[in-house]
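*Asks:* Sequence and predicted structure are below.
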Amino acid sequence: MTPAPAVVAEALYARDACSQALGIEVVAVAENSCVARLAVRSDMCNGFGIAHGGITFLLADTAMAFASNADNEVALASSAEIDWLAPVQDGDVVTATAERRWSNGRSTVWDIAITNASGESVAIVRGRTRKVGRPVIQ
């Protein structure tokens, strides 16, 4: 029997030192989606005093990772692109919502919307994952 997406996410998060260190919270996960949230700290900001673009991208990648692995089959990112729409400020809480757009069973295309605490879009990401044929948890 396949474990529930929440069980898979909990096991994956326990091994995800990066998400833990940054304080990323997996808010909700399902087989076709994930919502992840991050409170931006000053040590995540660049020389202009706004969140480094890599932080926004990392949050999107994390949401995609938890969504794509929710069915307990390891899926790894194969590519992604981001459009930054607005700056993210120190202290902002940003939310990434990953949703499956297409899949042929092994390869999947994901759209990830990133919003700030006011619900304004700050970035849009399109990512791709590929299943590698082994379970996330036994």
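*Replies:* Noted; the coordinates are in hand.

*Asks:* tell me the SS of Thr129?
*Replies:* strand (DSSP: H, G, I helix; E, B strand; the rest coil).

*Asks:* Return the list of helices and strands in contact with the helix or strand hosting Phe66.
*Replies:* Using DSSP states H and E, Phe66 falls within helix 53-68. Applying 3 or more C-beta pairs under 8 Å, 6 or more residues apart in numbering; DSSP states H and E, we find helix 53-68 packed against helix 5-14, helix 17-22, strand 25-30, strand 33-39, strand 73-84, strand 93-103, strand 107-115, strand 121-135. Every residue, glycine included, has its C-beta placed from N, CA and C.

*Asks:* CA-only coordinates of it in PDB, if you can.
*Replies:* What follows is helix 53-68, C-alpha atoms only, in PDB (Å, rounded to 0.1, in the frame of the first residue of the first chain):
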ATOM      1  CA  GLY A  53      16.400  35.600  -6.000                       C
ATOM      2  CA  GLY A  54      17.900  32.300  -5.100                       C
ATOM      3  CA  ILE A  55      15.900  32.100  -1.900                       C
ATOM      4  CA  THR A  56      12.600  32.600  -3.900                       C
ATOM      5  CA  PHE A  57      13.800  30.000  -6.400                       C
ATOM      6  CA  LEU A  58      14.800  27.600  -3.600                       C
ATOM      7  CA  LEU A  59      11.300  27.900  -2.000                       C
ATOM      8  CA  ALA A  60       9.700  27.100  -5.400                       C
ATOM      9  CA  ASP A  61      12.000  24.100  -5.900                       C
ATOM     10  CA  THR A  62      11.100  22.800  -2.500                       C
ATOM     11  CA  ALA A  63       7.400  23.000  -3.100                       C
ATOM     12  CA  MET A  64       7.900  21.200  -6.400                       C
ATOM     13  CA  ALA A  65      10.000  18.500  -4.700                       C
ATOM     14  CA  PHE A  66       7.400  17.700  -2.100                       C
ATOM     15  CA  ALA A  67       4.600  17.700  -4.700                       C
ATOM     16  CA  SER A  68       6.500  15.500  -7.100                       C
END
